[in-house]
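*Asks:* My questions are about this predicted structure, shown below with the sequence.
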Amino acid sequence: MNIQMQNNRIFLAIPGRRRLLIFLIFFFSLLALLFLNEGIGRCQGWSDIIIRLLPDDSFAVIEKNNQAIKIRHCPHHDTNGRLDEEQLIYVLGTIDRETWIDPANKAIARKHLEKHYNKFIKKVIKKGLEKPVIINSDSLTELVALPQIGPVLAVRIVEYRNTHSSYQAIEDIKKVEGIGQGIFDAIRYYIKTD
């Protein structure tokens, strides 16, 4: 008999009231987890539930507000502790949008994130571009491989295409705040729209 069947037998052997009590405890524990007043970090692609389940060491900085509620900033490690490079780029590109209790913590977070980013970008630069970057669909990790495109501009490129529609021509990338003729000239031969 497999373990699943044994667990079902044990659960079914519990009297009805006790089974209901176990279910209710589980249900309300889950609700409490979802609605805790713990601050969550700015994130891309991760649900609030996933962020709430992350251990504290997945974040660059943790602050406490006046009510002693934790505010966890800049999640960049997944639930298994592995660095999520896409998320790392996103939080670095949006760190100025975070609200900080102590502004000094922003510098601490940035330094921590940049340490990870520098290791990542060294590998990217060493590897070089293998194919043109498709500005309508490629990820942040592919966009930062472009010359003169760091996390902030990469996030802006993605946000622009998400809010406006796809780029019709590569020249449309100049509509992104911070990308002028100089940056366009540096990336024009490395990008395409599809």
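*Replies:* Thanks, I have it.

*Asks:* Can you get me a residue count around Asp48?
*Replies:* 10 (other C-beta atoms under 10 Å). Every residue, glycine included, has its C-beta placed from N, CA and C.

*Asks:* now swap in Asn105 and tell me
*Replies:* 18.

*Asks:* Looking at the protein, which helix is longest?
*Replies:* helix 103-127 (DSSP state H).

*Asks:* what's in contact with stretch 106-115?
*Replies:* If you take C-beta atoms under 8 Å, 6 or more residues apart in numbering as the criterion, stretch 106-115 is touched by Ala60, Val61, His73, Cys74, His76, Leu88, Val91, Leu92, Ile95, Glu98, Trp100.

*Asks:* How about stretch 82-97?
*Replies:* Contacts for stretch 82-97 (C-beta under 8 Å, 6+ apart): 41-46, 60, 74-78, 106, 109-110, 113-114, 116-117, 120, 139-141, 144, 150-156.

*Asks:* Only whichever of those are buried, select them in ChimeraX.
*Replies:* Here is the ChimeraX command that selects the buried residues among the contacts of stretch 82-97 (16 or more other C-beta atoms under 10 Å):
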select :41,42,43,44,46,60,74,75,76,77,106,109,110,113,114,116,117,120,139,140,141,144,150,151,152,153,154,155,156
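
*Asks:* ok, back up a step: show me the two of the contacts of stretch 106-115 that sit farthest apart.
*Replies:* Leu88 and Trp100 (18.7 Å; C-beta to C-beta).

*Asks:* which of the two has more neighbours?
*Replies:* Neighbour count, other C-beta under 10 Å: between Leu88 and Trp100, Leu88 has more, with 23 against 16.

*Asks:* what helix or strand is that one on?
*Replies:* helix 85-94 (DSSP states H and E).

*Asks:* With Ile62 instead?
*Replies:* Using DSSP H and E, Ile62 falls in strand 59-64.
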